[in-house]
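>>> my questions concern the predicted model and sequence given below.
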Amino acid sequence: MKKQTKTILIIAVILIVAAAYFYPRLDSRKSNEAGATSTGAGPGAATTLPVKVVKLEKETLRNQLSITGTIIPNESVDLRSEISGLITRIAFKEGEFVTKGTPLLYLNDDELQAQFQRLEYTQKLFESQENRQKQLLAREAISQEEYDIVLNQYNTTLSDLKLVEAQLSKTVIRAPFNGILGLRQVSEGSVIGTSDVIANFVNIDPVKIEFSIPERYANQVTVGSTIYFTNESSPEEVEGKVYAFEPQIDAATRTLKLRAESPNKERKYLPGMFVRIRFVLGETENALMVPSESVIPELQGYKVFVVGADNKAEERKVQIGTRTDTHVQITSGLEVGDLVFTTGVLQARTGTPVEFTQIN
């Protein structure tokens, strides 16, 4: 019985060892066969690449920049008095429109009026004396020196009179230009100095738009260039014209600062507003444009893929011109009617069969 049991154990060990030896080899053989089966069809088969294409057509290229800017007033000033004095009357309402020269505020001028009146009397006295002395000089009854003394007194009085008259004119603060008054900062009865602000005063028709562009576009800017701008409060595009720009590049930002102006009769645009600007640098007729994603940069330049004969991919070397936000101008290498890849450009190779879908 023991001998039989021992024989069974030996046979079991042999079977286990055999299984451990042969099973990995069988599994490896099956894997190799499966691999051979899966790759056997590869070398001879050609996979079709699905792509999207655009058909090239001539179009107008508008070379433009999308930038931001700020609305600034046509004219702006903080109204101040040239002299110190007591406010006797405020002749304007906050927020109203006034024309140039309109009286806005009056200061106390009692002392100056008294000086002016005294000088007027003195001027009349010296004027009559000068007339009498001139007659006496003509008859040689007095010397030239005596006449010159009286004439000098008369002329000095006239100068003093003009000085007081100038001081009197400063007691009335007038609008320096056509514009709109801001919020009043003073009250009647208060004494103001030359540093006190009476109100802000602006002209906002037209408004000015201040913005900057990268230095590489500086040579394309001319006075009269057109811009279009919008604001969150008014999404409608409004046209403006560049009227001036700085004669130098800002070394810190490498940009050129420009100003444009635009009519603002309805006063929709206020100073300080943020605007989005579409700056038109120029237009090119009959340009060939392709999407930016179609152009592949290389060491020697650029290339694109087009649908060639028998619906196979064909590589074309191209030269590019102006870039926009979404497209690139092709100056050579393509023709009208070419079907240019917009997808699959990294997977495509010359001769690859393609299945294409044309997009607008």
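Okay, I see it. Numbering: from 1, shown residues only.
>>> which parts of the stretch 1-150 of the chain are helices?
2-40, 110-138, 144-169 (DSSP state H, counting those that start in this stretch).
>>> neighbours of the spatially closest residue to S332 that is not a sequence neighbour, just the number please.
Using Cβ to Cβ, 6 or more residues apart in numbering and skipping residues adjacent in sequence, the residue nearest S332 is Q319, 4.6 Å away. (Each C-beta comes from the backbone N, C-alpha and C, glycine too.) The local packing of Q319 (other Cβ atoms under 10 Å) involves 12 other residues.
>>> element containing Q319, please.
strand 313-323 (DSSP states H and E).
>>> how about V304?
Short version, using DSSP H and E: V304 is in strand 301-307.
>>> which parts of that strand are buried?
Applying a neighbour-count criterion of 16 or more other Cβ atoms under 10 Å, one finds Y302, K303, V304, F305, V306, V307 buried in strand 301-307.
>>> so how far is stretch 255-268 from its chain's centroid?
10 Å (Cα atoms, centre = their mean, to the nearest Å).
>>> list the buried residues in that stretch.
So for stretch 255-268, counting by 16+ other Cβ under 10 Å, buried means T255, L256, L258, R259, A260, E261, S262, N264.
>>> of those, closest to T48?
Within the buried residues of stretch 255-268, proximity to T48 (Cβ to Cβ) peaks at T255, which comes in at 49.4 Å.
>>> separation between that closest one and S292?
24 Å (Cβ to Cβ, to the nearest Å).
>>> before we move on, the earlier item: need the residues that contact the following helix or strand past the strand holding Q319.
Using DSSP H and E, the helix or strand that follows strand 313-323 towards the C-terminus is strand 327-332. With contacts defined as Cβ atoms under 8 Å, 6 or more residues apart in numbering, strand 327-332 is touched by 56, 61, 284, 287-292, 294-295, 304, 318-323.
>>> partners of strand 327-332, with directions?
Paired strands of strand 327-332, with direction, are strand 274-291 (antiparallel), strand 313-323 (antiparallel) (DSSP bridges).
>>> just want the angle from the last one to strand 301-307.
I take that to be strand 313-323. Going by axes from the mean of the first three to the mean of the last three Cα atoms, to 10 degrees, strand 313-323 is angled at 130 degrees with respect to strand 301-307.
>>> returning to what we had before: in the strand holding Q319, what's buried?
Of the residues in strand 313-323, A313, E314, R316, V318, I320, T322 count as buried by neighbour count, 16+ other Cβ under 10 Å.
>>> picking that back up, next, format the buried residues of strand 301-307 as JSON lines and append pLDDT and distance to R80.
Converted to JSON lines, the buried residues of strand 301-307 look like this (pLDDT from 0 to 100; distance: Cβ to Cβ, whole Å):
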{"residue": "Y302", "pLDDT": "94", "distance to R80": "61"}
{"residue": "K303", "pLDDT": "94", "distance to R80": "66"}
{"residue": "V304", "pLDDT": "95", "distance to R80": "65"}
{"residue": "F305", "pLDDT": "95", "distance to R80": "69"}
{"residue": "V306", "pLDDT": "95", "distance to R80": "70"}
{"residue": "V307", "pLDDT": "93", "distance to R80": "73"}
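>>> where's S84 relative to D78, distance?
17 Å.
>>> next one: N178
17 Å.
>>> next one: E293
53 Å.
>>> now stretch 230-238, how far from the centre of its chain.
For stretch 230-238, the distance to the chain centre is 14 Å (Cα atoms, centre = their mean).
>>> contact partners for T88?
Y106, L107, N108, E188.
>>> related to what we said a few turns ago, mean pLDDT and distance to V202 added to the strands paired with strand 327-332, as a markdown table?
Converted to a markdown table, the strands paired with strand 327-332 look like this (pLDDT from 0 to 100; distance: least, Cβ to Cβ, whole Å):
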| stretch | mean pLDDT | distance to V202 |
| --- | --- | --- |
| strand 274-291 | 88 | 17 |
| strand 313-323 | 91 | 39 |
